[in-house]
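**Q** The sequence isn't on hand, but the structure is:
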């Protein structure tokens, strides 16, 4: 998860660091003022890389909300983001 910038942060701080998050059609992600790249690995996992090593998270979209969850031996982070209409 170091690629997501959350390896030394509490779950609350890590989620705020990724907010707001926007996924563009060209594989670019913008989150918390940083840009990077993303790719879907399968129907439930996404890889996000902000240039410091890629992180893999499970994702779920339900009721207009995106949930990103990642776990390691030392931490578990789960963030939820609501869809915004522009």
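**A** Received, thanks. Computed from a predicted model, the values in this text were never measured in an experiment.

**Q** Can you mark which positions in the helix or strand harbouring residue 66 are buried?
**A** Using DSSP states H and E, residue 66 sits in strand 65-71. Across strand 65-71, burial judged by 16 or more other C-beta atoms under 10 Å covers 66, 68, 70. Every C-beta, even on glycine, is put in place using the N, C-alpha and C of the backbone.

**Q** Stretch 67-83 now?
**A** 68, 70, 77, 79, 81.

**Q** what do you get for stretch 15-24?
**A** Using 16+ other C-beta under 10 Å as the test for burial, stretch 15-24 gives 15, 17-18, 21, 23.

**Q** Next, check those residues against the strands and list the overlap.
**A** Among the buried residues of stretch 15-24, the ones falling in strands (DSSP state E) are 21, 23.

**Q** Switch the buried residues of stretch 15-24 over to TSV; also include distance to residue 61 and pLDDT.
**A** What follows is the buried residues of stretch 15-24, written out as TSV (distance: C-beta to C-beta, whole Å; pLDDT from 0 to 100):
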residue	distance to residue 61	pLDDT
15	17	79
17	21	79
18	16	79
21	13	86
23	11	91
